[in-house]
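>>> can't give you the sequence, but here's the structure:
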């Protein structure tokens, strides 16, 4: 993930802005979440990584087993592959068979939708994507609609039209990147919030070193979708993750129903270690998530910068 990367982290302020007053009011209005809910879900953008043999997966495991191994340690996946094309029905059925009821698949909306909002074929593309993904049933999590950085507020009418093409029961999270969407530090434009909030469409929060504006606190739904971008094993990652776990626990106490926390790394080599850090901090904070046990040495002992 290249968006928002910088070469020098020494001048980056990784502090998180306070929750906006409007967001606090939204959480206060939300139905009280059940104490039994598995509300925090950790994950990565893919499960097919040969580099994870010996870290997240046993060194001798087969590629056919990677999804079931992934799902035994994590409860969600931000499925990047759907950005490029739709999986077959047989593939979806196989994923269902390889995962448990508690697992959630959050498919990335195809680029032929997110990057072509004015296409005359948009409705048929949305229908095809939604219909295919709904086959996942209870395993379907929110779809990620990631707008390219060139798409600014002047495209809000096209975005509005596209969002209304999705079935009402299809949960969505929208990521915006153009700087004009962000009015002040930690806050997003009210016209975008007003569009997403009535349908409980989440506004993606991206924590990345070079664009601190996209790490906002304008919530538009009772669930949040956080994309955390690491620095390949840099020492700043642990304190950043710890801050996020504490923040999500605070939001949960205020009424948050669910949180999806997906980690990204420049080449995803260090993603398992970052997920282990997140699960350790969550469990230490009394948040019940699966333990991400690794097959390798601690992150400090790995040569991640070779």
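That came through fine. Computed from a predicted model, the values in this text were never measured in an experiment.
>>> Outside of stretch 27-37 itself, list whatever touches it.
Contact partners of stretch 27-37, identified using C-beta atoms under 8 Å, 6 or more residues apart in numbering, comprise 39, 219, 222, 251-252, 254-258. Where you see a C-beta, it was placed from the backbone N, CA and C, and this is true even at glycine.
>>> again, only using 7 Å
Outside stretch 27-37, the residues that touch it by C-beta atoms under 7 Å, 6 or more residues apart in numbering are 39, 219, 222, 251, 254-257.
>>> so which pair among those is furthest apart in space?
Based on C-beta to C-beta, the longest span within the contacts of stretch 27-37 runs between 39 and 219 and measures 14.5 Å.
>>> the strands in the stretch 201-306 of the chain, which residues?
Using DSSP state E, counting those that start in this stretch, the strands of the stretch 201-306 of the chain run over residues 202-203, 205-207, 223-229, 258-264.
>>> Distance from the chain centre to the first one, please.
Pointing back at strand 202-203 there. Mean-position distance between strand 202-203 and its chain equals 10 Å (C-alpha atoms, centre = their mean, to the nearest Å).
>>> Need the contact partners of it.
For strand 202-203, contacts defined as C-beta under 7 Å, 6+ apart pick out 142, 173-174, 188, 196, 218, 220-221, 223-225.
>>> Name the member of the contacts of stretch 27-37 with the most neighbours.
residue 219 (27 neighbours; other C-beta atoms under 10 Å).
>>> How confident is the prediction for residue 305, by pLDDT?
At residue 305, the predicted lDDT confidence score is 29.
>>> surely residue 59 meets residue 53?
Yes - the pair formed by residue 59 and residue 53 meets the contact definition of C-beta atoms under 7 Å, at 5.1 Å.
>>> Which parts of the lengthiest helix in the chain count as buried, going by neighbours?
Of all segments of type helix in the chain, defined using DSSP state H, the longest is helix 236-254. By neighbour count on 16 or more other C-beta atoms under 10 Å, the buried set for helix 236-254 is 237-238, 240-242, 244-245, 247-249, 251-252.
>>> again, but for stretch 224-239
Result for stretch 224-239 [16+ other C-beta under 10 Å]: buried residues 224-233, 237-238.
>>> same thing with stretch 13-27?
16, 19-20, 22-24, 26-27.
>>> Quick one: distance of that stretch to the chain centre.
Averaging C-alpha positions (C-alpha atoms, centre = their mean) puts stretch 13-27 18 Å from its chain's average.
>>> what is the rounded mean pLDDT of that stretch?
The pLDDT scores in stretch 13-27 average 93.
>>> now stretch 171-183
95.
>>> Stretch 138-149: end-to-end distance?
32 Å (C-alpha to C-alpha, to the nearest Å).
>>> What residues sit buried inside it?
Buried positions in stretch 138-149, judged by neighbour count with 16+ other C-beta under 10 Å: 139-147.
>>> what comes into contact with it?
Residues contacting stretch 138-149 (C-beta under 7 Å, 6+ apart): 76, 78, 96, 99, 101, 103-109, 114-115, 133-134, 170-178, 202, 204, 225, 260.
>>> mind listing the helices for the stretch 1-150 of the chain?
Assigned by DSSP state H, counting those that start in this stretch, the stretch 1-150 of the chain shows helices spanning 21-29, 66-73, 89-98, 111-114, 122-133.
>>> can those go into JSON lines with extra columns for distance to residue 164?
Below are those laid out as JSON lines (distance: least, C-beta to C-beta, whole Å):
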{"stretch": "helix 21-29", "distance to residue 164": "21"}
{"stretch": "helix 66-73", "distance to residue 164": "33"}
{"stretch": "helix 89-98", "distance to residue 164": "25"}
{"stretch": "helix 111-114", "distance to residue 164": "13"}
{"stretch": "helix 122-133", "distance to residue 164": "10"}
